[in-house]
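Asker: got a structure for you, letters missing:
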């Protein structure tokens with residue numbers, strides 16, 4: 001029997017159906033993840049997006065497919081462009097290979113161009129080994145260099161303290177200085193969304209089910225802010241489960257106590273890492289300080305970064321720690337400079 005599919009923007013009442021789709025369709029690739037939501041799926045995703053939109057596919061009035069898009073402004077090859085970061089393209093297993101994903105993306109392209117204008121930059125993160133990478137390359141999307149993501153264990157011991165450095169949470173009076181520091185650090189990166197004091201304030205004050213998951217931290221040297229990062233604690237909003245993982249990574253994860261027997265990761269997500277010129281030592285101290293001081297909130301810190309970036313020198317991740325490779329696929333009219341670093345939004 002032929003089924004007629006419909007496509008429309010997501011509605012608040014769709015949240016339970018979206019949660020079911022995400023839970024039943026693990027991401028594919030060498031490492032796979034799925035999520036169980038402890039609050040409204042749409043509200044959870046909005047907490048970590050600038051301006052979230054979604055498209056659903058329906059069959060007989062039931063939601064059988066979805067995609068989410070964060071509409072934002074990003075840097076692309078030296079200019080700021082309207083953009084859509086695409087994630088969670090999913091189709092129920094019973095309706096795959098019937099053109100549903102293609103229909104979702106076609107409707108979504110028209111929807112995005114209506115709101116963002118002609119020729120927005122559209123991009124998505126694709127894990128290594130995911131079939132979506134082959135499809136994107138076949139449709140003339142550009143591909144960035146490899147990025148890395150993974151989880152880094154907490155520290156049992158505090159880093160050696162220094163009287164010159166102080167770690168603290170950001171307050172209202174810091175926002176302008178922090179926004180300037182972030183934008184300066186990422187001024188040459190593709191896919192960076194420039195921040196303002198207002199957007200950082202909104203980020204910190206986002207609330208889902210009475211929980212404020214986002215925090216900003218800074219490190220100050222002799223009371224002058226010289227670096228910082230953002231941290232999102234999603235452990236009370238989402239249960240992140242590993243559904244597929246290489247054997248060596250599974251073994252190391254068990255030895256390091258990062259992968260519990262139930263497969264649920266308690267990882268806090270780190271983003272927006274930045275530091276002033278000459279202050280690598282300070283932001284390393286911030287990173288390690290939080291790895292120790294937040295150990296009661298999670299088992300690990302989740303990161304994603306371009307290996308060519310200075311952030312590799314911050315994290316100093318040992319070669320034996322499992323890291324998961326991915327890349328960004330990008331549809332843009334301006335050609336990608338392969339030597340330009342990429343800001344990484346997606347990750348654990």
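Answerer: Nice, thanks for sending it over. Every value quoted in this text rests on a predicted model; they were computed, and no experiment measured them. Numbering: from 1, shown residues only.
Asker: Now for the residue lying closest to residue 140 once chain neighbours are set aside: which residues touch it?
Answerer: Nearest non-adjacent residue to residue 140, counting by CB to CB, 6 or more residues apart in numbering: residue 331, 8.0 Å away. Where you see a C-beta, it was placed from the backbone N, CA and C, and this is true even at glycine. Taking CB atoms under 8 Å, 6 or more residues apart in numbering, we find residue 331 in contact with 121-123, 140-142.
Asker: Now, of those residues, which are buried?
Answerer: 121-123, 141-142 (16 or more other CB atoms under 10 Å).
Asker: Looking at the contacts of residue 331, spot the one nearest residue 303.
Answerer: residue 123 (19.3 Å; CB to CB).
Asker: Test my guess that the closest one contacts residue 75.
Answerer: No. Using CB atoms under 8 Å, residue 123 is not in contact with residue 75; the gap is 11.9 Å.
Asker: Which neighbours do those two have in common?
Answerer: residue 191.
Asker: separation between the closest residue to residue 289 other than its chain neighbours and residue 333?
Answerer: Leaving aside its chain neighbours, residue 289 sits nearest to residue 167 (4.8 Å; criterion: CB to CB, 6+ apart). Distance, residue 167 to residue 333, by CB to CB, to the nearest Å: 43 Å.
Asker: who's more crowded, these two?
Answerer: Comparing residue 167 with residue 333 by neighbour count (other CB atoms under 10 Å), the higher total belongs to residue 167, at 20 against 11.
Asker: And the helices in the stretch 151-300 of the chain, which stretches?
Answerer: 175-185, 197-205, 247-255, 280-293 (DSSP state H, counting those that start in this stretch).
Asker: Which of the ones you listed sits closest to residue 268?
Answerer: Closest among the helices of the stretch 151-300 of the chain, using CB to CB: helix 280-293, at 8.4 Å.
Asker: so what secondary structure elements neighbour that closest one?
Answerer: strand 165-169, strand 214-221, strand 224-232, strand 267-275, helix 311-315 (3 or more CB pairs under 8 Å, 6 or more residues apart in numbering; DSSP states H and E).
Asker: Out of those, which one sits most buried?
Answerer: strand 267-275 (a mean of 23; mean count of other CB atoms under 10 Å).
Asker: helices or strands up against that one?
Answerer: By 3+ CB pairs under 8 Å, 6+ apart, strand 267-275 packs against helix 175-185, strand 224-232, helix 280-293, strand 300-305, helix 311-315.
Asker: got the angle for the longest strand along the chain vs helix 175-185?
Answerer: Assignment by DSSP state E gives strand 62-76 as the longest strand of the chain. Counting by axes from the mean of the first three to the mean of the last three CA atoms, to 10 degrees, strand 62-76 lies at 80 degrees to helix 175-185.
Asker: Contacts only, for residue 12.
Answerer: So residue 12 contacts 40, 42 (CB under 8 Å, 6+ apart).
Asker: what about 7 Å?
Answerer: residue 42 (CB atoms under 7 Å, 6 or more residues apart in numbering).
Asker: quick one, phi psi at it?
Answerer: Backbone geometry at residue 12, expressed as degrees, to the nearest 10, gives phi -60, psi -40.
Asker: What separation do you get for it and residue 208?
Answerer: Residue 12 is 14 Å from residue 208, by CB to CB.
Asker: Ok, residue 214 next?
Answerer: Residue 214 is 10 Å from residue 208, by CB to CB.
Asker: just residue 166 next, same as before
Answerer: Residue 166 is 30 Å from residue 208, by CB to CB.
Asker: cool, residue 299 as well?
Answerer: Residue 299 is 21 Å from residue 208, by CB to CB.
Asker: Please identify the helix or strand for residue 113.
Answerer: Element membership of residue 113, judged by DSSP states H and E, is helix 100-116.
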